[in-house]
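Q: Mind looking at a prediction? Sequence and model below.
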Amino acid sequence: MDARIGELLALAAAEGLTLPYPPATILRLEDAGHVVDLATGEILLGEGEKAYLWQWTAAGEAWAHLVAEGLVDV
């Protein structure tokens, strides 16, 4: 069995999700370069390889610093 199936099932259990498709189907779609929204079942064709650009906000940078310094628990 593909180890990713176990990881996907563990994620679903931890998040309280019911997977929209069998795990093997989700992995086949992801391997083909698609993204599966686990909450809605939407399949985003070709989005798996798309680069997303983002920037930290000032609050996000501050939070990351506090986490890195061990000053807050996550």
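A: Received it, and whenever you're ready, just let me know what you need. Numbering: from 1, shown residues only.

Q: Now do the longest helix seen in the chain: which elements does it pack against?
A: In the chain, assigned by DSSP state H, the helix with the most residues is helix 3-15. In terms of contacts (3 or more CB pairs under 8 Å, 6 or more residues apart in numbering; DSSP states H and E), helix 3-15 is packed against helix 23-31. Heads up, the C-betas are built off the backbone N, CA and C, glycines and all.

Q: What strands flank whichever helix or strand comes after the helix it packs on, and is each parallel or antiparallel?
A: Later in the chain than helix 23-31, the nearest helix or strand by DSSP states H and E is strand 35-36. Partners of strand 35-36 in the sheet, by DSSP bridges, are strand 43-44 (antiparallel).

Q: one step back: any idea of the mean pLDDT for the longest helix of the chain?
A: Average pLDDT, helix 3-15: 94.

Q: Flag the shaky bits of this structure, pLDDT-wise.
A: Within the chain, no range satisfies pLDDT under 70.

Q: mind running it again at 80?
A: 1, 51-54, 74 (pLDDT under 80).

Q: quick revisit: just want the angle from the longest helix of the chain to helix 23-31.
A: 110 degrees (axes from the mean of the first three to the mean of the last three CA atoms, to 10 degrees).

Q: From residue 53, how far off is the residue lying closest to residue 41 once chain neighbours are set aside?
A: Leaving aside its chain neighbours, residue 41 sits nearest to residue 20 (3.1 Å; criterion: CB to CB, 6 or more residues apart in numbering). Separation of residue 20 from residue 53 (CB to CB, to the nearest Å) stands at 28 Å.

Q: repeat for residue 15
A: Separation of residue 15 from residue 53 (CB to CB): 26 Å.

Q: quick one: which of the two has more around it?
A: Comparing residue 15 with residue 53 by neighbour count (other CB atoms under 10 Å), the higher total belongs to residue 15, at 9 against 4.

Q: Leaving out chain neighbours, which residue sits closest to that one?
A: The shortest distance from residue 15 to any non-neighbouring residue, by CB to CB, 6+ apart, is to residue 38 (7.8 Å).
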